[in-house]
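Participant: Have a look at this fold, sequence not included:
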């Protein structure tokens, strides 16, 4: 296999916006590896590359929403895609895992769990995208979040892969993805997380186009 740093990459997906395969140049791959995931494997990198391409396709005052994502790498990839799109779009990044951690600690102060926020903020700073990301430590389906983010053009869900949490996120947010917008769900096809595929498949009628990259489900909203 040739190194992704040396060749352009064509992802096996087609966006309804252009109808053309998603091509990433060698320079873009190198930039993403340097700023998003230095030292990560190619298999993990493909999912962030897909998020980058989806964000790069946004125009005007489009909006992107990321739910979950512990390391901040996916948030960085999406924000860099928005940067490359030269649009006015920004990313709302809901750190619901951190919100749940704080809730657990409030109930049991002796239960000290490490916060991911410093690592996320460090990653966003390394990628140079801090100003493009609105970081929210809240429940992803809370009324104040739903009021603040009315519609989105790109939805990426990588929070808890539990049945209840993913069901709630997709029920709440898929109707808010605009027509021709893109929804991505991490963990699809992963045998260790079978609920992800079963829950996402219930919403297939919402999409005009559906593909997968590694364990990332990608649907274009009708």
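Facilitator: Arrived safely, thanks for sending. In this text the structure is predicted, and so the values were computed from the model without any measurement.

Participant: Need phi/psi at residue 163.
Facilitator: phi -60, psi -50 (degrees, to the nearest 10).

Participant: cool, and residue 213?
Facilitator: Residue 213 adopts backbone torsions of phi -130, psi 110, taken as degrees, to the nearest 10.

Participant: Now it: closest residue in space that isn't a chain neighbour?
Facilitator: Distance criterion C-beta to C-beta, 6 or more residues apart in numbering; nearest residue to residue 213, sequence neighbours excluded, is residue 50 at 4.6 Å. Where you see a C-beta, it was placed from the backbone N, CA and C, and this is true even at glycine.

Participant: mind listing the helices for this protein?
Facilitator: Ranges of helices in the chain, per DSSP state H, are 26-35, 42-56, 73-85, 96-107, 117-127, 143-148, 163-173, 194-201.

Participant: Show me what the fifth one is packed up against.
Facilitator: Put plainly, it is helix 117-127. helix 73-85, strand 133-136 (3 or more C-beta pairs under 8 Å, 6 or more residues apart in numbering; DSSP states H and E).

Participant: And the longest one, by the same measure?
Facilitator: Other helices and strands packing on helix 42-56, by 3+ C-beta pairs under 8 Å, 6+ apart, are strand 9-14, strand 21-24, helix 26-35, helix 73-85, strand 152-158, strand 177-186, strand 207-213, strand 216-221.

Participant: With distance to residue 133 added, can I get the ones you listed in TSV?
Facilitator: Putting the helices and strands packed on helix 42-56 into TSV (distance: least, C-beta to C-beta, whole Å) gives the following:
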stretch	distance to residue 133
strand 9-14	23
strand 21-24	21
helix 26-35	14
helix 73-85	5
strand 152-158	13
strand 177-186	17
strand 207-213	23
strand 216-221	20
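
Participant: of all the ones you listed, which has the lowest average per-residue confidence?
Facilitator: Lowest mean pLDDT within the helices and strands packed on helix 42-56: strand 9-14, a mean of 49.

Participant: Over stretch 105-121, what's the mean pLDDT, rounded is fine.
Facilitator: On average, stretch 105-121 scores 82.

Participant: hmm, who's touching it?
Facilitator: The set of residues external to stretch 105-121 that reach it, using C-beta atoms under 8 Å, 6 or more residues apart in numbering, is 69-72, 75, 95, 97-98, 101, 104, 130, 135, 137.

Participant: Pull up the distance across it, start to finish.
Facilitator: 21 Å (C-alpha to C-alpha, to the nearest Å).

Participant: Could I get the buried residue list for that stretch?
Facilitator: 116, 120 (16 or more other C-beta atoms under 10 Å).

Participant: How far does it sit from its chain's centre?
Facilitator: 22 Å (C-alpha atoms, centre = their mean, to the nearest Å).

Participant: Any idea which residue is closest to the centre of the protein?
Facilitator: residue 156 (3.4 Å; C-alpha atoms, centre = their mean).

Participant: Verify the stated contact: it with residue 181.
Facilitator: No. Using C-beta atoms under 8 Å, residue 156 makes no contact with residue 181, being 11.3 Å away.

Participant: Can you read off the backbone torsions of the residue with the largest distance to the centre of the chain?
Facilitator: Distance from the centre of the chain peaks at residue 110, with 32.5 Å (C-alpha atoms, centre = their mean). Dihedral pair for residue 110: phi -70, psi -20, per degrees, to the nearest 10.
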